[in-house]
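Participant: please work out how this folds:
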Amino acid sequence: MDNTNLSQLFDLLDTLPNPVTLNELAYDENGVAYDKIIYVNKNFIKTIGYTTEDIPDDKTWFAKAYPDVDYKQYITTEWFKAVDKAKEKNSDLVGFPAKVHCKDEVERWFSVTTQLTHTVSKKYRTIVFVQTQNPSETKLELDEKSLALLNEKRLLKTIIDSAPIRIFWKDSNGVYLGCNRGFLDDAHLQEELQIIGKTDYEMVWKEDAERFREDDRRVRESGVPELNFIERQPQKDGSYLMLSTSKVPLKDSKGNTIGVLGIYKDVTKEFKVKEELKEKDKLLLVQSRQAAMGEMIAMIAHQWKQPLSIIATVINTFQLEQALGESSQEDLDKHAKTVMDQVSYLSRTINDFRNFFKQDKAIQEVQPCTIIDDALLIIGKLIENSSIELRVSCLSDQTFYTFPSELQHVFINLLKNAADILVEKNKDEKWISIVIRQIDGFVLFEISDNAGGIDEVLLERIFEPYFSTKNEKNGTGLGLYMSKTIIEKNLKGTLRCTNSDVGAVFTVRLPMLLESDFLTVERSG
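Facilitator: Okay, the predicted model is just below:
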């Protein structure tokens with residue numbers, strides 16, 4: 001429609017006896033449709049008072065015409081009811097009663113009629129206001145039942161707004177129909193009417209709108225609620241809120257899904273605390289590995305004492321034989337073989353310790369006994385040199401998936417603790433027992449000793465960080481804490497300690513998992 005035709009239309013509207021507005025279909029920067037009010041006729045200005053400068057669009061009109069929040073909510077509800085009725089009748093006309101707050105501060109009743117679509121040139125539509133002096137003639141007065149219902153709605157709204165959670169609901173197209181006060185705060189909006197009719201593309205989290213709408217679609221189409229899942233909600237300042245969200249399908253009286261109800265709780269603080277604890281665990285793991293490194297160096301010294309002594313003895317013997325002229329090729333070959341055997345042993349020792357300190361977190365299929373054998377390659381000599389009898393009973397050969405380097409770290413900690421306490425107690429007969437068995441899909445490792453056990457008062461505290469029952473020379477208080485962290489957080493198992501009649505018993509209980517079972521494991525280090 002060109003300007004000439006529009007001008008003629010304006011003239012025609014001015015001849016009408018009722019207030020009329022002419023609205024043009026427009027779109028904001030986000031592509032959301034709204035009505036731009038391009039003309040109000042003379043009777044509109046005479047009766048209602050506003051000009052197009054006062055009400056340039058439908059949102060401004062709505063705010064001025066219905067300033068009372070409760071009544072605005074009532075009118076919004078009536079509008080949607082009228083739209084549903086028009087659709088049921090396959091009609092394009094929507095009519096409903098409304099009490100309008102006019103520019104002269106007087107409230108006047110009108111019967112409002114408009115079109116669902118912009119039928120004029122597919123771009124324009126009119127809104128016609130028929131003033132009613134006696135509200136009862138057009139049933140504009142709210143009867144007692146309606147007032148009671150409105151009061152109930154107000155009470156429910158108060159309860160919802162006071163809830164310590166965020167609540168919102170959308171229709172089948174992902175358009176917001178309502179929300180509570182907390183949700184408005186997160187959306188940086190002042191009142192509920194500002195969100196009604198909007199989609200996620202128009203909210204402060206519009207960059208994540210597609211993800212939120214996909215969640216809605218999945219719940220609507222499946223009809224299955226999705227409960228307590230964690231997601232991020234972007235904020236204007238670039239930060240994020242961490243939410244624990246639940247979404248359930250909204251159904252009508254016939255059981256048809258008509259939308260989605262969403263509830264979420266802001267768990268940002270709890271999430272930050274959890275992240276801080278993770279960082280603390282990482283720091284403790286580093287400290288634990290540093291302490292373990294010092295212990296490993298001491299173990300290497302123990303491992304190397306004898307082979308280095310043998311090499312020195314062989315070399316001295318060979319030099320003496322040469323000096324006395326008693327050296328033969330056969331003797332030389334024999335001495336060389338002895339030296340090479342000891343060098344090979346030293347090399348294997350270095351490889352064993354290097355493997356222990358690798359930061360390799362790969363999941364591997366292992367046998368329970370192999371894990372213990374690998375740990376004993378490192379700590380076995382220390383136990384032997386401390387005159388401790390080692391008793392190993394392997395009753396399970398069923399393979400399972402785990403992080404072997406971490407599990408090996410745990411067993412070295414437990415065996416080192418047992419060895420240290422036995423040496424400290426200076427018993428005549430010292431032993432450490434390792435029993436491996438399989439029960440109902442779990443593999444159990446029991447490491448016990450005869451050092452007398454742990455004081456019952458201290459038993460509950462031994463897994464706390466920096467708490468140690470050893471003397472200051474031998475204890476850092478990190479080994480058992482990190483062992484429990486590794487077993488229970490990384491490997492989905494348990495680590496417990498009890499006392500037997502003769503000493504402490506540490507029990508590691510691990511599920512015999514498949515490789516796929518570790519896809520959701522949350523690693524601490």
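Participant: tell me the buried residues in stretch 492-503?
Facilitator: Gly493, Leu495, Cys497, Gly503 (16 or more other CB atoms under 10 Å). (C-beta placed from N, C-alpha, C; glycine too.)
Participant: which stretches of the stretch 401-525 of the chain form helices?
Facilitator: Along the stretch 401-525 of the chain, counting by DSSP state H, counting those that start in this stretch, helices occupy 404-425, 456-459, 479-485.
Participant: dump the last one to CSV, restricted to CA.
Facilitator: Meaning helix 479-485. Coordinates of each C-alpha in helix 479-485 appear next as CSV, following Å, rounded to 0.1, in the frame of the first residue of the first chain:
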residue,chain,number,x,y,z
GLY,A,479,49.4,-40.9,51.5
LEU,A,480,46.2,-42.3,52.9
TYR,A,481,44.1,-39.2,52.0
MET,A,482,45.2,-39.4,48.4
SER,A,483,44.8,-43.2,48.3
LYS,A,484,41.2,-42.9,49.4
THR,A,485,40.7,-40.1,46.8
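Participant: distance from the chain centre to that helix, please.
Facilitator: 25 Å (CA atoms, centre = their mean, to the nearest Å).
Participant: so which of the helices of the stretch 401-525 of the chain gets nearest Tyr124?
Facilitator: Among the helices of the stretch 401-525 of the chain, the nearest to Tyr124 by CB to CB is helix 479-485 (68.8 Å).
Participant: tell me what the closest one is packed against?
Facilitator: Using 3 or more CB pairs under 8 Å, 6 or more residues apart in numbering; DSSP states H and E as the contact test, the elements touching helix 479-485 are helix 268-324, helix 404-425.
Participant: report the mean confidence score over the last one.
Facilitator: Per-residue pLDDT values over helix 404-425 give a mean of 87.
Participant: ok so, going back, pick the most buried one from the helices of the stretch 401-525 of the chain.
Facilitator: helix 479-485 (a mean of 24; mean count of other CB atoms under 10 Å).
Participant: go ahead and confirm Leu177 touches Leu193.
Facilitator: No: using CB atoms under 8 Å, Leu177 makes no contact with Leu193, being 11.4 Å away.
Participant: neighbours around Glu226, how many?
Facilitator: By other CB atoms under 10 Å, the residues close to Glu226 number 17.
Participant: find the nearest non-adjacent residue to it, please.
Facilitator: Lys247 (5.3 Å; CB to CB, 6 or more residues apart in numbering).
Participant: quick one: the one you found is in a helix?
Facilitator: No: under the criterion used here (DSSP: H, G, I helix; E, B strand; the rest coil), Lys247 is strand, not part of a helix.
Participant: tell me the helix or strand right after the lowest-mean-pLDDT helix or strand in the chain.
Facilitator: Scoring the helices and strands of the chain by mean pLDDT, DSSP states H and E places helix 144-162 at the bottom, with a mean of 61. The helix or strand immediately downstream of helix 144-162 is strand 166-171, counting by DSSP states H and E.
Participant: and the helix or strand just after that following strand, which strands flank it?
Facilitator: From strand 166-171 onward toward the C-terminus, using DSSP H and E, the following helix or strand is strand 176-179. Note on strand 176-179: by DSSP bridges, its sheet partners are strand 166-171 (antiparallel).
Participant: what sits up against the partner strand?
Facilitator: 160, 176-180, 182-183, 186, 216, 243, 250, 258-266 (CB atoms under 8 Å, 6 or more residues apart in numbering).
Participant: likewise for stretch 23-40?
Facilitator: Residues from elsewhere that reach stretch 23-40 (CB under 8 Å, 6+ apart): 6, 9-10, 13, 19-22, 48, 50-52, 55-59, 61, 118, 123-127, 198-199, 201-202, 206.
Participant: can you turn the buried part of those into a ChimeraX selection?
Facilitator: In ChimeraX, this line selects whichever of these come out buried by 16+ other CB under 10 Å:
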select :6,9,13,19,20,21,22,48,50,52,55,57,58,61,118,124,125,126,127,198,199,201,202
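Participant: host element of Ile38?
Facilitator: Applying DSSP H and E, one finds Ile38 within strand 33-40.
Participant: average pLDDT for whichever helix or strand comes after that strand?
Facilitator: Downstream of strand 33-40, the next assigned helix or strand under DSSP H and E is helix 42-47. For helix 42-47, mean pLDDT is 92.
Participant: contact partners of helix 42-47?
Facilitator: Contacts for helix 42-47 (CB under 8 Å, 6+ apart): 14, 16-21, 50-51, 102, 108, 129, 131.
Participant: cool, and stretch 218-232?
Facilitator: 172, 208, 211, 215, 240-249, 257, 259-260, 267, 271.
Participant: filter these to the buried ones?
Facilitator: Buried residues within the contacts of stretch 218-232, counting neighbours by 16+ other CB under 10 Å: 208, 215, 241-249, 259-260, 267, 271.
Participant: tell me the contacts of Ser448?
Facilitator: Going by CB under 8 Å, 6+ apart, Ser448 touches Ala418, Ile432, Ser433, Val435, Ser500, Gly503, Ala504, Val505, Phe506.
Participant: hmm, Glu389 is touching Ser433, no?
Facilitator: No: between Glu389 and Ser433 there is no contact, the gap being 9.0 Å when judged by CB under 8 Å.
Participant: bridging residues for the residue nearest the centre of the chain?
Facilitator: By CA atoms, centre = their mean, the mean C-alpha position of the chain lies nearest to Ile230, the distance being 3.8 Å. Beta-bridge partners recorded for Ile230 (DSSP bridges): Ser244.
Participant: for it, give me the pLDDT.
Facilitator: pLDDT, read off for Ile230, is 84.
Participant: ok, Ser516 next?
Facilitator: 67.
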